[in-house]
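> show me how the following folds:
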Amino acid sequence: MGQIQSDEDEEVELADIQPLYTKFMTVCPSGALHLHEFRKIFGVQSTSEDEALYMETLFKSFDTNRDNVIDFMEFVAAVHLVLRGKLEDRLKWSFKVYDRDDSGKLDRQEVKRVIKVICQLKKNHIHMTPSNICDRIFELLDENNDGQISLSEFMEGAQKDAWIMDLLKLDTNARVWFRENWGKKT
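Predicted coordinates for the structure are as follows:
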């Protein structure tokens, strides 16, 4: 949709991997990032059940081989997706995070659960209730009014509305956090 090419579309440079590996091994000497370390790294205390479930869902979305740890290669793929991934790939990943039951469709409960956590993480930056946000998302995205949002409705709707895009792409300021905490230029 007339998007400008940016550094988000660049590949992770080989020169970036060495310092990333060194830092990863400092934080995770075993070479494996566990869920509790993942929560700690991102500064999420998981004070609520919803927040804990959200962090677990994010963690599992990066644990591609399903061994309950994120190894260095999975970590590099996650870093690339979050920091430089194409918008389409980040939206597909976001959809996967929202789609808790892997049905390929989002229902109101799935969307509301993630929105509730996003509201907690973004603190005072959202001035609507999770229920109102969920209602607005369904009003704007559920084109066939079947009470579910398909991947295509999710992708198309996010690209049509900046407010929706901001909520759906799950950007909780990961880029800034990564630069500050991992000392990597991106």
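> okay, CA-based contacts and neighbour counts for the rest of this
Will do.
> hang on, residue 29 in a helix?
No: checked against DSSP: H, G, I helix; E, B strand; the rest coil, residue 29 lies outside a helix; its state is coil.
> can you give the domain ranges for this structure?
Using the TED database, the domains assigned to the chain come out as 16-84, 86-171.
> got the buried residues for stretch 118-136?
118, 119, 120, 130, 131, 133, 134 (16 or more other Cα atoms under 10 Å).
> surely the fourth one is in contact with residue 109?
This means residue 130. No: using Cα atoms under 8 Å, residue 130 is not in contact with residue 109, being 10.7 Å away.
> and residue 147, backbone torsions?
Here is the backbone geometry of residue 147 (degrees, to the nearest 10): phi 80, psi 10.
> likewise the one 3 residues further on?
Torsion angles at residue 150 (phi, psi; degrees, to the nearest 10) stand at phi -80, psi 170.
> can I assume it is in contact with residue 107?
No: if you go by Cα under 8 Å, residue 150 and residue 107 don't touch, sitting 9.3 Å apart.
> could I get the full set of helices for the protein?
14-27, 35-41, 49-62, 72-84, 87-98, 108-121, 130-141, 151-160, 162-168, 174-182 (DSSP state H).
> may I see those organised as a markdown table, with mean pLDDT added?
A markdown table is the format used below for the helices of the chain (pLDDT from 0 to 100):
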| stretch | mean pLDDT |
| --- | --- |
| helix 14-27 | 82 |
| helix 35-41 | 83 |
| helix 49-62 | 83 |
| helix 72-84 | 86 |
| helix 87-98 | 89 |
| helix 108-121 | 86 |
| helix 130-141 | 93 |
| helix 151-160 | 92 |
| helix 162-168 | 83 |
| helix 174-182 | 60 |
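> count the neighbours of residue 161 for me.
Other residues within reach of residue 161, judged by other Cα atoms under 10 Å, total 12.
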